[in-house]
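[1] Provided below for reference: sequence and predicted model.
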Amino acid sequence: MRIIGLAGWSGSGKTTLLTKVIPRLVARGLKVSTLKHAHHAFDIDQPGKDSHSHRMAGATEVLVGSANRWALVHELRGAAEPTLAALLRKLGLVDLVLVEGYKREPHPKLEVYRAAVGKPLLHPDDRAIVAIASDVPLPAAGIPVVDLDDVERVADLLVRHAADLDAVLADLVRA
């Protein structure tokens, strides 16, 4: 299993790029999973559904299964937010995991940069950034820069720079 992230400021287009690149990676025969960091509270089940009622009643974990999918919701109930390393260990075996967010973690990352956001580049302050997908030329970047709309080249960079899970976990533990 290999890991690479997409990092960038809010509004830079990380999710949009992921939704374009995932089908290209799958078409190459790769099994792909994603891990997304949320900076806010979120719910994947809805009030009125049995799973929501179970969780609201105090269940720590609620697993919902069907013929099409299964989902596990784990309520932290005041416990600390799990680390990226802990969450990576929970994923099933795939070829490539794309991590959205966790921009301060030391795993290899593709920076998604959009000039109109008005924020500075994360690179060169983050040595884990291996390439940049940008909507403007960045001749002084010092690392590969690809056009944000060149989805095939973005896919190539993600595959080329993804790191082995064990190496990523070792870096995360050291950080």
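    Looks like it arrived, so ask away. Numbers count the residues shown, from 1 in each chain.
[2] From here on, just use CA atoms for contacts and neighbour counts.
    Fine.
[3] can you give me phi and psi for the residue nearest the centre of the chain?
    The centre of the chain sits closest to residue 99, judged by C-alpha atoms, centre = their mean, with a distance of 1.8 Å. Here the main-chain torsion angles of residue 99 (degrees, to the nearest 10) amount to phi -100, psi 120.
[4] try residue 164
    Dihedral angles (degrees, to the nearest 10) for residue 164: phi -60, psi 140.
[5] and it, how far is that from residue 88?
    Computed as C-alpha to C-alpha, to the nearest Å, the residue 164 to residue 88 distance reads 12 Å.
[6] For these two, indicate the residue with more neighbours.
    Neighbours per residue (other C-alpha atoms under 10 Å) separate residue 164 from residue 88, with residue 88 holding more: 17 against 14.
[7] Using CSV, list the CA coordinates for stretch 75-89.
    As requested, C-alpha coordinates have been extracted for stretch 75-89 and formatted as CSV (Å, rounded to 0.1, in the frame of the first residue of the first chain):
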residue,chain,number,x,y,z
GLU,A,75,-17.9,8.3,18.3
LEU,A,76,-14.9,9.7,20.1
ARG,A,77,-17.0,10.7,23.2
GLY,A,78,-14.4,13.2,24.3
ALA,A,79,-11.3,11.1,23.4
ALA,A,80,-8.5,12.7,21.5
GLU,A,81,-8.7,13.0,17.7
PRO,A,82,-7.0,10.0,16.1
THR,A,83,-3.7,10.6,14.4
LEU,A,84,-3.1,10.2,10.7
ALA,A,85,-1.1,7.1,11.5
ALA,A,86,-3.9,5.5,13.5
LEU,A,87,-6.4,6.2,10.7
LEU,A,88,-4.2,4.8,8.0
ARG,A,89,-3.9,1.6,10.0
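[8] Touching that stretch from outside, list them.
    35, 55, 59, 60, 61, 102, 169, 172, 173 (C-alpha atoms under 8 Å, 6 or more residues apart in numbering).
[9] Flag every buried residue along the longest helix anywhere in the chain.
    The residue-count maximum for a helix in the chain (DSSP state H) belongs to helix 14-27. Judged by neighbour count using 16 or more other C-alpha atoms under 10 Å, the buried positions of helix 14-27 are 14, 15, 17, 18, 20, 21, 22, 24, 25.
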